[in-house]
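> here you go, sequence then predicted model.
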Amino acid sequence: MNILVTGGAGYIGSHTCIALLQAGHSVIIADNLSNSKSETVMKVMDIAEKEVTFYEIDVTNAEAVDIIFKNYKIDGVIHFAGLKAVGESVEKPLEYYHNNIVSTVVLTKACHKYGVNRFVFSSSATVYGENNVPFFETMDLLPTTNPYGETKAMSERILTDITRSNPIFSLSILRYFNPVGAHESGLIGEAPNGIPNNLMPYVTQVAKGKLEKLRVFGNDYPTIDGTGIRDYIHVMDLAEGHVAALENLTEGVHVYNLGTGKGTSVLELVKAFEIANDIKVSYEIVDRRAGDIASYYADTSKAKNELGWTAKRDIVAMCRDAWRFEKNYKDFVESK
Ligand SMILES: NC(=O)c1ccc[n+]([C@@H]2O[C@H](COP(=O)([O-])OP(=O)(O)OC[C@H]3O[C@@H](n4cnc5c(N)ncnc54)[C@H](O)[C@@H]3O)[C@@H](O)[C@H]2O)c1
């Protein structure tokens, strides 16, 4: 299939492009490079030893999107492009609503115009809010605490309405848990701008000496060691989950959790990282962070039963691959 991958130069998108190419699909990337670099596209081609087509465009721009659909027979769209920093979304809600909602509307309009009926959407476990764990796809969505989460819930609703109005539209909504790690080549991985918001890049940057100490937000949660528990998933497992979702897509709306189903605490992850890589990570316990919940993880049985997909890589592989990438990586700002 010819797959249009929006946000394909980004963290999850680039790993998914490799998985798609390795599964024999052709890839057209549309990315405005607002949070990525064109070099990543070159690295994707090096790793997969296949060509991809790259359009540096903003997918909120309907005319630019139209050109791609006109030039290629697109068989399906995987829509990763979006802004994703929770804290920033509170400060700049309009940017988030505009970027994340308009992109979804523009792309689905183009799908309608050109008769493209396969669509896979990047959603997030954040849409479950404070439901009881584990999270099941059938749960009601609860309000999230930030505009970023709202854009994901709204996009899910928009896409669901579109699918209901068009009986041959096939939609897969993938709710990611906590993607970490990197491609095992060490060539591509997670390279956030500024101070990382997520745990793993923070840990790797402390290990490298770029940051002094990991700040652990709270050790008084009702968990095994008092620190927050999340369901970390290796980014290549997540990437392969997209291929499974795309290849098993049938008409109608399908929602899947992509996680491992296993919770790991912050301190367990730090310990696993130290053992996997034989390196020390300094940390300090600080106050809880507003908006964080104690623990969440996925029920993954639906993806297993319907897609035949389960995460294969364990926490050791996640830590080892994240560290290999960090060691290889020339700082984003320096290399720009
Ligand atoms: N990383 C996570 O922890 C996580 C968790 C749940 C959901 N998600 C979602 O998965 C998707 C991918 O996340 P990621 O971690 O790879 O982020 P990322 O920032 O690395 O990748 C997103 C890519 O989209 C591009 N982009 C943003 N707006 C665009 C636009 N209007 N037009 C064209 N390109 C645009 C960026 O340049 C970037 O390359 C996002 O939608 C994100 O919300 C991520």
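Nice, thanks for sending it over. Residues are numbered from 1 along each chain as shown.

> distance between the helix or strand where I162 lies and the chain's centre?
Mapping I162 onto the secondary structure by DSSP states H and E places it in helix 147-165. When C-alpha coordinates are averaged (Cα atoms, centre = their mean, to the nearest Å), helix 147-165 and its chain have centres 17 Å apart.

> cool, and stretch 53-61?
Distance of stretch 53-61 from the chain centroid (Cα atoms, centre = their mean) equals 19 Å.

> give me the buried positions along it.
Along stretch 53-61, the positions that meet the burial threshold by neighbour count (16 or more other Cβ atoms under 10 Å) are F54, Y55, I57, D58, V59, T60. Quick note: C-beta positions are derived from backbone N, CA and C, even for glycine.

> H15 contacts H183, doesn't it?
Yes: when contacts are counted by Cβ atoms under 8 Å, H15 is listed as touching H183 (5.9 Å).

> tell me if stretch 117-136 is near the ligand.
Yes: using Cβ under 6 Å from any ligand atom as the criterion, contacts between stretch 117-136 and the ligand involve S122, S124.

> what mean pLDDT would you report for that stretch?
Taken as a whole, stretch 117-136 carries a mean pLDDT of 96.

> just give me the neighbour total for the single nearest residue of the chain relative to the ligand.
Across the chain, no residue is closer to the ligand than G10, which sits at 2.0 Å (Cβ to the nearest ligand atom). Applying other Cβ atoms under 10 Å, we find 26 other residues in the vicinity of G10.

> ok, the nearest residue to it once chain neighbours are set aside - contacts?
Of all residues beyond its chain neighbours, the one nearest G10 is S36 (4.7 Å), with distances taken as Cβ to Cβ, 6 or more residues apart in numbering. Contacts here follow Cβ atoms under 8 Å, 6 or more residues apart in numbering; on that basis S36 touches G7, A9, G10, Y11, S14.

> and the helices in the stretch 151-300 of the chain?
Counting by DSSP state H, counting those that start in this stretch, the segments of the stretch 151-300 of the chain that form helices are 199-208, 235-247, 266-277.

> tell me what angle the longest one forms with helix 199-208.
In this structure, helix 235-247 runs at an angle of 150 degrees to helix 199-208, with axes from the mean of the first three to the mean of the last three Cα atoms, to 10 degrees as the basis.

> what about helix 235-247, distance to the chain center?
Computed by Cα atoms, centre = their mean, the chain-centroid distance of helix 235-247 equals 11 Å.

> how about stretch 34-54?
Averaging C-alpha coordinates over stretch 34-54 and over its chain gives two centres that are 17 Å apart (Cα atoms, centre = their mean).

> what about it and the ligand, any contact?
Yes: contact of stretch 34-54 with the ligand (Cβ under 6 Å from any ligand atom) involves S34, N35, S36.

> sorry, back to before: which one of the helices of the stretch 151-300 of the chain lies nearest to V106?
Relative to V106, the nearest member of these by Cβ to Cβ is helix 235-247, separated by 20.5 Å.

> what's the closest one packed up against?
helix 11-22, strand 76-79, strand 118-124, strand 170-176, strand 178-180, strand 252-258 (3 or more Cβ pairs under 8 Å, 6 or more residues apart in numbering; DSSP states H and E).

> residues touching the shortest one, excluding its own?
Taking contacts as Cβ under 8 Å, 6+ apart, the residues outside strand 178-180 that touch it are 11-12, 125, 190, 198-200, 230-235, 238, 259, 318, 322.

> just the buried ones from these, in PyMOL syntax?
Only the buried members of those enter the following PyMOL selection, criterion being 16+ other Cβ under 10 Å:
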select buried, resi 11+12+125+190+198+199+200+230+231+232+233+234+235+238+259+318+322
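
> re earlier: next one, pLDDT for the residue nearest to G10 please.
At S36 the predicted local distance difference test score is 95.

> start the count at 43, not 1, going forward
That works, and once the first residue is 43, the last one we named lands at S78.

> confirm it sits in a helix?
No: the assignment for S78 (DSSP: H, G, I helix; E, B strand; the rest coil) gives coil, which keeps it out of a helix.

> please tell me how far it sits from H140.
Summarising the geometry, the distance separating S78 from H140, computed by Cβ to Cβ, to the nearest Å, is 19 Å.

> one step back: hmm, the residue of the chain closest to the ligand is touching N77, no?
Yes: with contacts defined as Cβ under 8 Å, G52 counts as touching N77 at a distance of 6.1 Å.

> out of everything not next to it in sequence, what's closest to V69?
Nearest non-adjacent residue to V69 (Cβ to Cβ, 6+ apart): V94, at 4.4 Å.

> that neighbour touches V86, doesn't it?
Yes: with contacts counted by Cβ under 8 Å, V94 reaches V86, the gap being 6.2 Å.

> and for the two, which residues touch both?
Where contact means Cβ under 8 Å, 6+ apart, the residues bridging V94 and V86 through contact with each are G50, C59, L63.

> contact residues of the stretch 43-192 of the chain facing the ligand?
Applying the criterion Cβ under 6 Å from any ligand atom, the portion of the stretch 43-192 of the chain that neighbours the ligand consists of 48-49, 51-55, 72-78, 100-102, 122-126, 141, 145, 164, 166.
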